[in-house]
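> Sequence first, predicted model second:
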Amino acid sequence: MSENAISVHLRQQKDFQFEISFGEGIPTVLGDEPAPIGEGKGPSPAQFLAAAVGNCLSDSLFFAIKKYKQDPQPIQCKVTAEIGRNEQGRLRITHMQATLTLGVPAASLQHMDRVLSSFEAFCTVTQSVGQGIPITIEVFDSENQRLK
């Protein structure tokens, strides 16, 4: 494995429930499918994917703004994953919608045009997932002004 690789370890607990370990010092998480397949005792794989996209986008936006020595906290992000059937009738995530909201008014931040034009390109997860699943991204400030 290369030095740039990451790994997680999954261990089945019962039926569709898997304990997911991310490494030493990081709490484990229980993943599960929703009813009626599973018991819904933890996030589903689709929820983990949506969380990964949202977390990466939030990190990238925060980093891009902090680069200009500004503080947009607290950033919030909501990701919705649409699930539909493909031509073979199999369930797939067909589209994702990410809405990021800054914790401050845009008027209090400088260089937002540069930030908004570049932050997505640095999001490893979103850029990777987006090659197979269309992802729409919106950004708002704390006064609900649409920035992107």
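Arrived safely. Worth saying up front: this structure is predicted, and the values here are computed from it rather than measured.

> Every contact and neighbour count from this point should use C-alpha atoms.
OK.

> Quick check: which element contains the residue of the chain most remote from its centre?
Computed with CA atoms, centre = their mean, the maximum C-alpha offset from the centroid of the chain is found at residue 88, amounting to 27.4 Å. Under DSSP states H and E, no helix or strand contains residue 88.

> Show me which residues of the host helix or strand of residue 65 are buried.
Using DSSP H and E, residue 65 sits within helix 45-66. Neighbour-count burial for helix 45-66, counted by 16 or more other CA atoms under 10 Å, picks out 46-47, 49-58, 60-65.

> Rounded mean pLDDT for it, please.
Across helix 45-66, pLDDT averages out at 98.

> helices or strands next to it in the packing?
Secondary-structure packing of helix 45-66 (3 or more CA pairs under 8 Å, 6 or more residues apart in numbering; DSSP states H and E): strand 76-85, strand 91-101, helix 112-118, helix 124-129.

> now for those, which one comes closest to residue 1?
Comparison of those against residue 1 by CA to CA identifies helix 124-129 as nearest, at 18.8 Å.

> quick one: the very next helix or strand once past the closest one to chain centroid distance?
Counting by DSSP H and E, the next helix or strand C-terminal to helix 124-129 is strand 135-140. A distance of 12 Å separates the centroid of the chain from that of strand 135-140, by CA atoms, centre = their mean, to the nearest Å.

> the inter-axis angle of strand 135-140 versus strand 91-101?
For strand 135-140 against strand 91-101, the angle by axes from the mean of the first three to the mean of the last three CA atoms, to 10 degrees is 20 degrees.
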